[in-house]
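Enquirer: sequence and predicted structure are below.
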Amino acid sequence: MRTRQYFLVSGFLFLLLASSESIAQSPPGVSEFNTVENDMEKFYVAFSRLSFVVGAVSGLLGGLRVYNNWQMGRHHIDVQVISWFGACLFLSTIGLFLSGLFGVPLP
């Protein structure tokens with residue numbers, strides 16, 4: 001009688017574990033989370049690249065503005081050079097920060 005209960009309990013536990021493993025493989029909502037994760041990664045790649053492009057354009061415009069002021073005879077352009085360089089450095093750092101924060105590889 002004791003062995004029969006042992007086999008019955010062990011069989012029940014085996015079926016319970018086998019069914020719980022199949023349920024745990026695909027809980028509800030996992031595919032939706034994976035889809036959202038892929039979409040967010042695409043957005044952060046775009047934002048990282050956009051910040052690099054905006055930094056490059058800002059640097060070009062700042063360089064042209066400083067060159068124009070230098071050619072017009074305004075030789076006190078130290079503040080302008082520092083501010084434009086700081087803006088370009090900030091935008092580049094934001095691009096690196098976004099790519100590092102969200103694990104997005106740089107292009």
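Expert: All right, it came through fine.

Enquirer: work out the gap between the longest helix along the chain and the centre of the chain.
Expert: Identified as the longest helix of the chain according to DSSP state H is helix 30-71. Averaging C-alpha positions (Cα atoms, centre = their mean, to the nearest Å) puts helix 30-71 13 Å from its chain's average.

Enquirer: three-state assignment of residue 76?
Expert: Following DSSP: H, G, I helix; E, B strand; the rest coil, we place residue 76 in the coil state.

Enquirer: quick check: mean pLDDT of stretch 50-67?
Expert: Averaged over stretch 50-67, pLDDT sits at 83.

Enquirer: can I get the CA coordinates of it in CSV?
Expert: Listed in CSV are the C-alpha atoms of stretch 50-67, where the atom choice follows Å, rounded to 0.1, in the frame of the first residue of the first chain:
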residue,chain,number,x,y,z
LEU,A,50,20.7,62.3,-34.9
SER,A,51,22.7,63.8,-32.0
PHE,A,52,26.0,63.2,-33.9
VAL,A,53,24.6,64.8,-37.0
VAL,A,54,23.3,67.8,-35.1
GLY,A,55,26.7,68.1,-33.4
ALA,A,56,28.5,68.1,-36.7
VAL,A,57,26.1,70.6,-38.3
SER,A,58,26.4,72.8,-35.2
GLY,A,59,30.2,72.6,-35.4
LEU,A,60,30.2,73.6,-39.1
LEU,A,61,27.9,76.6,-38.5
GLY,A,62,29.9,77.7,-35.5
GLY,A,63,33.1,77.5,-37.4
LEU,A,64,31.7,79.5,-40.2
ARG,A,65,30.3,82.1,-37.8
VAL,A,66,33.7,82.4,-36.0
TYR,A,67,35.5,82.7,-39.3
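
Enquirer: buried set for that stretch?
Expert: Going by neighbour count (16 or more other Cβ atoms under 10 Å), the buried part of stretch 50-67 is 51, 52, 54, 55, 58, 59, 62, 66. For every residue, glycine as well, the C-beta is placed using N, CA and C.
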